[in-house]
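Asks: Build me a model:
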Amino acid sequence: MSHPWLAPPPALIADVVAATAREAVRAMSLIPVRGLARYAEAWTRLVAALPELLRSDSGAVFDAVSRVDVLSTVQELVDRDVNEARLERAVLTLWMALAGHRGLTAPLALPGPFRQRVVDPKTARLIELGDVRGVAATARGLVVLARSGRTTIDAFAVAPLPVIAGAALVNGALRPPDPSVADQVRRAADLVASALPAGWLERITIGSGDGVPREARLGVAAGPAELVAAAVRGFVRAAAAVDPPLHPSGLVVAGERRLDPAEALAWACGNAAALPWRADRSRAAHDLALDLDDICAVAEPTASGTALLDVLRAVAGDQPARRRALLVNVDASDFVYSFQFGRSVERRCAERGWRVDRLVIETGIDRDLAAELGHAIPPPVADGSEVRVSSEADPAAIAAIRRFAARQYEAVIANVRPKLFYDLVESGVLATRSLLWDRHLHDGLVEERARRGIAAARLSALPIRVWSLLGQADTTLPLRLVETGLERGAGHAWPMDLEFFRSDVHPAPSRIFAGGDSARDWDLFVRAVRDLPLEVHLVTAHPPADLPPHVRVEARRLPLWRFRDAMAGAAICAIPLVREIAAGVTVLPMAMALGVAVVATRTGWIEQYVTHEEQALLVPPGDAGAFRSALLRLHGDPELRARLVTNARRRVTEMCDLEAFTREMFAALDAP
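Replies: Alright, predicted model coming up:
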């Protein structure tokens, strides 16, 4: 391996440390004071003293800010707050490291008490200051302002630390490790000394997770390979910030995490450097090749990155590509349903042992996925590479498609609108077996094909199968798709994540819920409920005028989880619709899954899901009296409600289970 990052000479290590420290010093003045809590005043005095400190001895300042507990915290504080424990360790370590600096013309005080133990930046030992009044960094050293008076730091040293390869060794609780563990790490370091970036490591921590700059984190049973990988990984991350190796345009997904390409490259470098000490070199080289494959799918290398990737490929050797699929899931209109669809597709791919490349819509502040779900966004299901775009018109989408088009896929699965669909066609991506969910594909598909001059015969020749929304009483593929050239496929009910559409909310027996905006006949609904002795909860952005007092309106859009729970809190869901428009097909199965009895306008679309008197009560369009009678009947007959709910739950499971839907899609791949 000839790239300097993989076996860095001392001069390069010193340059990277210095450059990293300079960036941290610049960041110190950018940190918002509000994030510094009780240290705000002391920090302001330190920033004011920085010019003189740098003028008299910049090297001492750089050494202080590049300490493990200082550097990562300073970097983060520019953009976000850090927890109280980390903040205390950072400022206390910084003050201790600056003590004795000849540029300190006046003492710098830091208020106590201090609950966190720290590693002495000047000696390999642990310090516990406890309930002191504070400390002061002076030109003569650190002064501790104890309750009994001034004293030195030596009185607060609690334990020496072993030093291995120039780095202090601690456990995850910042205590001396077990002697047997220290001996094990020392033996490993002796074996791999020539491969370690000497002078880079300040600390080796026995614990889980990723190390911060200048720290290597190892498991208790770590051997030589893990030590090399962790040390090189940390150095490469820092070097990449100084000399960027990649122009990133996506993320690498590995082990349920999303990694920036530079971070993924750092992992690859660490794994490459550790290869000679791996028990199974062939498997390790194979995994390295897969990592490189993913990195190249989401990033363009710079000049230095090209040289580094060439070295890593030579180390990995020729490895067989792992089977993979491409998921193109760009739908801003129904982004929550699209997200759930994408995760189900990933599960099908993971069952087949496939990696997954993803082109997905980026949900921004105005489309907060976690807020819609009501919980944190779960981690990805399958490893692979991921590119996020703001819309189908985002130039990054076309660039990503071009990169993906160079790969071999077992299958392509897409949920797109016409523009991106034809981009996929023209790139050649859909020349492999392709599964399409037609959620919004049909809108403008014929017009876009004509605009681009693509013949229907060209589309019909592609191995594409489409699942479209059911027609009014038809399970075949809609005619407009067939005329476009998409001849293979079928109609299907709206697929739903039935696990998500469960709720612990207890329904109120006298409450009616109604919600939605598409083709709702709210005037009819108001006439139907005007004199009902029931509570009505109405959720719509377009509420009708002259509502009676027992109708509670939420005119702002509710996050999906709140809309779900609002519906679950009612005994009856009302779905009043105008004549024969494709509407109600999301709210209806939601109510069926939640166990809420339904009264709905009879339309061809609604009758695909329910039968009158079997799973719901259906009334003629425009008949407010019939709607009112159905609501009263359902409210007054608990046995009828229970029967309809039981039948509806069975029906929605048969028709709309998202997991069954994606299994049906993937089964088509195995069909002759």
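
Asks: where along the stretch 551-672 of the chain do the strands fall?
Replies: 551-554, 570-575, 597-601, 617-619 (DSSP state E, counting those that start in this stretch).

Asks: Then the stretch 351-500 of the chain?
Replies: Along the stretch 351-500 of the chain, the segments classed as strands by DSSP E, counting those that start in this stretch run 355-361, 384-389, 411-415, 434-438, 464-469, 489-492.

Asks: Residue 116 is nearest to which of those strands?
Replies: strand 384-389 (36.9 Å; CB to CB). C-beta here means a position set from N, CA and C on the backbone, and glycine is covered the same way.

Asks: now the angle from that closest one to strand 355-361?
Replies: 10 degrees (axes from the mean of the first three to the mean of the last three CA atoms, to 10 degrees).

Asks: end-to-end on stretch 183-197?
Replies: 20 Å (CA to CA, to the nearest Å).

Asks: and it, average pLDDT?
Replies: Stretch 183-197 carries an average pLDDT of 94.

Asks: Give the buried residues for it.
Replies: Neighbour counts over stretch 183-197 (16 or more other CB atoms under 10 Å) mark 184, 185, 188, 189, 191, 192, 195, 196, 197 as buried.

Asks: if we look at the sheet, which residues does residue 357 bridge to?
Replies: Per DSSP bridges, the residues bridged to residue 357 are residue 326, residue 385.

Asks: thinking it is in contact with residue 325, fair?
Replies: Yes. Between residue 357 and residue 325 there is a contact at 7.4 Å, judged by CB atoms under 8 Å.

Asks: Tell me the residues that contact both of the two, please.
Replies: residue 409 (CB atoms under 8 Å, 6 or more residues apart in numbering).

Asks: contacts for the worst-scoring helix or strand of the chain on mean pLDDT?
Replies: Between all helices and strands in the chain, the lowest mean by mean pLDDT, DSSP states H and E belongs to helix 479-484, at a mean of 86. With CB under 8 Å, 6+ apart as the test, helix 479-484 has contacts from 438, 441, 442, 445, 446, 449, 456, 459, 466, 468, 489.

Asks: and if you look at stretch 404-413?
Replies: 297, 321, 323-329, 345, 352, 354, 357, 359, 424, 427-430, 432-437, 665-666, 669.

Asks: from those, which would you call buried?
Replies: Of those, these count as buried by 16+ other CB under 10 Å: 297, 324-329, 345, 354, 357, 359, 424, 429-430, 432-437, 665-666, 669.

Asks: just checking, what packs against the longest helix along the chain?
Replies: When the chain is scanned for its longest helix (criterion: DSSP state H), the result is helix 40-65. Under the contact definition 3 or more CB pairs under 8 Å, 6 or more residues apart in numbering; DSSP states H and E, helix 40-65 sits against helix 10-28, helix 68-77, helix 84-98, strand 108-111.

Asks: Could you check how far it is from the centre of its chain?
Replies: 37 Å (CA atoms, centre = their mean, to the nearest Å).

Asks: That helix vs helix 10-28, what angle?
Replies: Using the same axes, to 10 degrees, helix 40-65 lies at 170 degrees relative to helix 10-28.

Asks: buried sites along helix 40-65?
Replies: Buried, per 16+ other CB under 10 Å, within helix 40-65: 42-43, 46, 49-50, 53-54, 58, 60-65.

Asks: Do me a favour and average the pLDDT over it.
Replies: On average, helix 40-65 scores 96.

Asks: all numbers from here: first residue = 39
Replies: Fine by me, first position is 39 from now on; the one you just mentioned is helix 78-103.

Asks: Poorly predicted segments of the stretch 139-288 of the chain, please.
Replies: Scanning the stretch 139-288 of the chain with the threshold set as pLDDT under 70 gives no residue ranges.

Asks: can you give me the helices in it?
Replies: For the stretch 139-288 of the chain, the helices defined by DSSP state H, counting those that start in this stretch occupy 217-229, 262-280.

Asks: counting contacts, what elements does the first one pack onto?
Replies: Packed against helix 217-229, as judged by 3+ CB pairs under 8 Å, 6+ apart, are the following elements: strand 201-202, strand 205-209, strand 241-244, helix 262-280.

Asks: contacting residues for residue 78?
Replies: When the contact criterion is CB under 8 Å, 6+ apart, the partners of residue 78 are 71, 72.

Asks: Show me which residues of the strand or helix carrying residue 352 are buried.
Replies: Per DSSP states H and E, residue 352 falls inside helix 341-354. Neighbour-count burial for helix 341-354, with 16+ other CB under 10 Å as criterion, is recorded at 342, 343, 345, 346, 347, 349, 350, 351, 353, 354.

Asks: For the fifth one, give me its contacts.
Replies: The one in question is residue 347. Residues near residue 347 by CB under 8 Å, 6+ apart: 283, 330, 333, 334, 339.

Asks: Now, the residues you listed that are in helices?
Replies: 330, 333, 334.

Asks: For residue 653, grab the count of nearby residues.
Replies: 23 (other CB atoms under 10 Å).

Asks: Could you do residue 594 as well?
Replies: Neighbourhood size, residue 594 [other CB under 10 Å]: 8.

Asks: For residue 370, see how far away it is.
Replies: To residue 370, residue 594 is 19 Å away according to CB to CB, to the nearest Å.

Asks: same thing with residue 516?
Replies: From residue 516 across to residue 370, the span is 23 Å (CB to CB).

Asks: so who does the closest residue to residue 635 other than its chain neighbours touch?
Replies: Leaving out its chain neighbours, the residue that sits closest to residue 635 by CB to CB, 6 or more residues apart in numbering is residue 679, at 4.3 Å. Shown in contact with residue 679 (CB under 8 Å, 6+ apart): 609, 610, 635, 672.

Asks: What does the pLDDT read for residue 679?
Replies: 96.

Asks: so where's the chain shaky on pLDDT?
Replies: By pLDDT under 70, the low-scoring segments of the chain are 39, 358, 402-404, 509-513.

Asks: coming back round to it: with residue 693 as the reference, name the closest of the helices and strands packed on helix 78-103.
Replies: Taking those one by one with CB to CB, helix 106-115 is closest: 48.5 Å.

Asks: Name the nearest residue to residue 590, ignoring sequence neighbours.
Replies: Leaving aside its sequence neighbours, residue 590 sits nearest to residue 575 (CB to CB, 6+ apart; 5.3 Å).

Asks: Next, count neighbours for that neighbour.
Replies: What residue 575 shows, counting by other CB under 10 Å, is a neighbour count of 18.

Asks: what's the answer for residue 605, then?
Replies: Neighbourhood size, residue 605 [other CB under 10 Å]: 25.

Asks: For it, which non-adjacent residue is spatially closest?
Replies: Residue 605 sits nearest to residue 551 (CB to CB, 6+ apart), 4.9 Å away.

Asks: for that neighbour, phi and psi?
Replies: Main-chain torsions, residue 551, degrees, to the nearest 10: phi -110, psi 140.
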